[in-house]
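Q: model the structure of this input:
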Amino acid sequence: MNRKANRKSPIAMIVSISIIILIAILGSIYYKFEVAQTEEKSVKPNEVENVETQNKTNETEEPLKQQEGNGADLPSSDKNGEKPPTNSGEQPNQQPAKEAPVTEEVELENGYIVGQKPATEPTFVKGVLIANKKNPLPATYNKGEDPKARAAFEKMAKAAMEDGLELVAFSGFRSYDYQKTLYDRYVKRDGKEAADRYSARPGYSEHQTGLAFDIGEKGREELWLTNEFGQTEAGQWLAQNAHKYGFILRYPKGKEDITGFMHESWHFRYLEGELAAKVFEAGVTLEEYLGIQ
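A: I've put the predicted structure just below:
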């Protein structure tokens, strides 16, 4: 019995050792498998977070690179040395909306600005001296008749004479004081509203510039200062040819709301250079051509 037991002992030991080794191997495999699974689970969120962080970084850096490459694309606040708004969740300071400027309404009386202060300097628009109901001349503006305007009229009158028409410039330069005398006389005779349609208040007359002439035909004085003159041969000649000599019909028919004065077939204004021809060809008033009131 003892001999058989002793023989079995080594075999049992070998089996036991084999079982222990097998258990150890299985345990090692199981341990490695569990650790691998645990590490995989812990690594994946970090990888995703790194990818998202990298994407966010790229999205942030790309506009910055574009801005650094082109200063014209920078926000206006950045150009001024101020920091542009960030995405930190803070709301940028919002400037209150600016209110539109209030335009004061101008009160008019027969085209004149009520309460307008006397002019201290003459008004020039694109180099052209202007005298109308909204742009007066100083009372001291007293240069007399313009020599160039007179020379241009004489040249025009000579051309008309060749066509059998004798033109007369029966009214030219008028001083501030003389215009006041005329205007006051017309107001007394016809009333202020009527006078304002055909006679300028002192300081507002184009005759004070020395560049305007009232023109008629010699021998037909009864038609001077009447629109019947415009229907005569001389009046028609002037209307069609005056611009060739530097003159424009200053107050055309149907333009009273623009010029401020009724149609005057006899009133012509001298404009230096080719401006008269341009105004004539455009078929507009001087105010419309220069873009003024």
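
Q: now the strands: where do they sit in the stretch 151-293 of the chain?
A: Taking DSSP state E, counting those that start in this stretch to define them, one finds strands in the stretch 151-293 of the chain at 167-171, 212-217, 247-251, 264-270.

Q: pull the residues that contact stretch 180-194.
A: Outside stretch 180-194, the residues that touch it by C-beta atoms under 8 Å, 6 or more residues apart in numbering are 110, 174, 195, 198-202. For the C-beta atoms, the positions are set from N, CA and C on the backbone; glycine is no exception.

Q: least confident secondary structure element in this structure?
A: Every helix and strand of the chain was ranked by mean pLDDT, DSSP states H and E. The lowest is helix 76-79, at a mean of 37.

Q: where along the chain do the helices fall?
A: 2-69, 76-79, 147-162, 176-190, 192-198, 233-241, 256-259, 275-282, 286-290 (DSSP state H).

Q: and the ones you listed, which one is worst for confidence?
A: When the helices of the chain are ranked by mean pLDDT, helix 76-79 comes last with a mean of 37.

Q: hmm, back to that, make a ChimeraX selection of the buried ones in the contacts of stretch 180-194.
A: In ChimeraX, a selection of the buried entries from the contacts of stretch 180-194 looks like this (16 or more other C-beta atoms under 10 Å):
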select :174,195,199,200,201,202
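
Q: let's have the contacts of stretch 180-194 in TSV, adding distance to Phe261.
A: As requested, the contacts of stretch 180-194 are exported to TSV (distance: C-beta to C-beta, whole Å):
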residue	distance to Phe261
Asn110	10
Arg174	15
Ala195	11
Tyr198	6
Ser199	9
Ala200	7
Arg201	11
Pro202	15
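
Q: widest-spaced pair of the contacts of stretch 180-194?
A: Asn110 and Arg174 (19.9 Å; C-beta to C-beta).

Q: list the buried residues in stretch 107-115.
A: Within stretch 107-115, the residues scored as buried using 16+ other C-beta under 10 Å are 111-112.

Q: figure out the length between the terminal residues of it.
A: Stretch 107-115 has an end-to-end distance of 9 Å (C-alpha to C-alpha, to the nearest Å).

Q: one more: stretch 261-279?
A: First residue to last in stretch 261-279 (C-alpha to C-alpha) measures 18 Å.

Q: also stretch 243-256?
A: Start-to-end, stretch 243-256 (C-alpha to C-alpha) is 21 Å.

Q: what's in contact with it?
A: Stretch 243-256 is contacted from outside by 149, 152-153, 155-156, 159, 197, 206, 212-213, 238-239, 242, 259, 261-265, 267-273, 275-277, 279-281, 285-286, using C-beta under 8 Å, 6+ apart.

Q: could you do stretch 109-120 as well?
A: With C-beta under 8 Å, 6+ apart as the criterion, stretch 109-120 contacts 106-108, 133-139, 192-193, 196-197, 201, 203-204, 260.

Q: buried stuff in stretch 140-157?
A: 141, 145-146, 149-150, 152-153, 156-157.

Q: brain fart, stretch 126-140
A: In stretch 126-140, counting by 16+ other C-beta under 10 Å, buried: 128-137, 139.

Q: same question for stretch 281-288.
A: Within stretch 281-288, the residues scored as buried using 16+ other C-beta under 10 Å are 284-287.
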